[in-house]
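Enquirer: Sequence unavailable; structure follows:
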């Protein structure tokens, strides 16, 4: 089955700087890669996703890049703010097989230092 | 309405109790999911319902019993749980099973004494 590795497990950045979280996946058939943000005491919130026919996607301060050949994808947050502090999970799945299942990475705890 | 709601928010139960967790969505989604999340771990899939039929059961012990009364509601019935079942239980929904974009509720924090 699919295996997703995520690094780093913890990340602290100064407010205003950029943060990058990286994930690698094992199944070359995976074609959908979402990122979730989970704040303390809340459920995961989908913040951005990318499909395998796209190399990069951007939404304001958040961007995701995908390298299918190397089987890795990354989350980039620019101009970080205190409210970006949370745990971030990447995930991978195979869309279109009828039994889609998200395989999550182990999570990154991001702390923004004011 | 783009929200998945879960009740209760917190639940404490003994090992002999029977309780139920409830999940509701009004987005017209036809796939609903139960996940279990232990502290500092990612969510683990338990069950998937598609068009009110159980589609995936990730070999979950029978002390967890899901139920999908209609396309908007998903229940998880709990009986004879163990302390190691203490976790955050998350419900999610997606437009259809193949849609992938899953939207999570806030979860029920379960403690088994």
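Expert: Thanks, I have the structure now. Just so we're clear, the structure is a prediction, and the values are computed from it rather than from any experiment.
Enquirer: can you list the residues of chain B near chain A?
Expert: B:4, B:6, B:40-43, B:45, B:48, B:55-56, B:90, B:92, B:97-98, B:100-107 (CB under 8 Å from any CB of the partner chain). Yep, even glycine has a C-beta here, placed from its N, CA and C like the rest.
Enquirer: count of residues packed around residue 102?
Expert: Because you didn't say which chain, this covers chain A. 25 (other CB atoms under 10 Å in any protein chain shown).
Enquirer: look at chain B instead
Expert: 25.
Enquirer: Where does the prediction get shaky in chain A?
Expert: Residues of chain A that meet the criterion pLDDT under 70 lie in A:96-99.
Enquirer: now the strands for it?
Expert: Ranges of strands in chain A, per DSSP state E, are A:4-7, A:10-14, A:19-25, A:32-38, A:45-51, A:56-59, A:62-67, A:72-77, A:86-92, A:103-104, A:108-113.
Enquirer: Need those strands in a markdown table (columns: mean neighbour count).
Expert: Below are the strands of chain A laid out as a markdown table (neighbours: other CB atoms under 10 Å in any protein chain shown):
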| stretch | mean neighbour count |
| --- | --- |
| strand A:4-7 | 18 |
| strand A:10-14 | 13 |
| strand A:19-25 | 20 |
| strand A:32-38 | 23 |
| strand A:45-51 | 16 |
| strand A:56-59 | 12 |
| strand A:62-67 | 18 |
| strand A:72-77 | 21 |
| strand A:86-92 | 24 |
| strand A:103-104 | 21 |
| strand A:108-113 | 17 |
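Enquirer: Indicate which one of those strands is closest to chain B.
Expert: Nearest to chain B among the strands of chain A is strand A:103-104 (3.5 Å), distances taken as CB to the nearest CB.
Enquirer: Parallel or antiparallel, list what pairs with the closest one.
Expert: strand A:86-92 (antiparallel) (DSSP bridges).
Enquirer: quick one: the strand it pairs with to strand A:62-67, angle?
Expert: 30 degrees (axes from the mean of the first three to the mean of the last three CA atoms, to 10 degrees).
Enquirer: Give me the helix or strand of chain B that scores worst on average pLDDT.
Expert: Counting by mean pLDDT, DSSP states H and E, chain B has its least confident helix or strand at strand B:53-57, which shows a mean of 84.
Enquirer: so where's chain B shaky on pLDDT?
Expert: B:1-2, B:98-100.
Enquirer: For it, just list every one of the strands.
Expert: Going by DSSP E, chain B shows strands at B:4-7, B:10-13, B:18-25, B:31-37, B:44-50, B:53-57, B:64-70, B:73-79, B:87-94, B:103-104, B:108-112.
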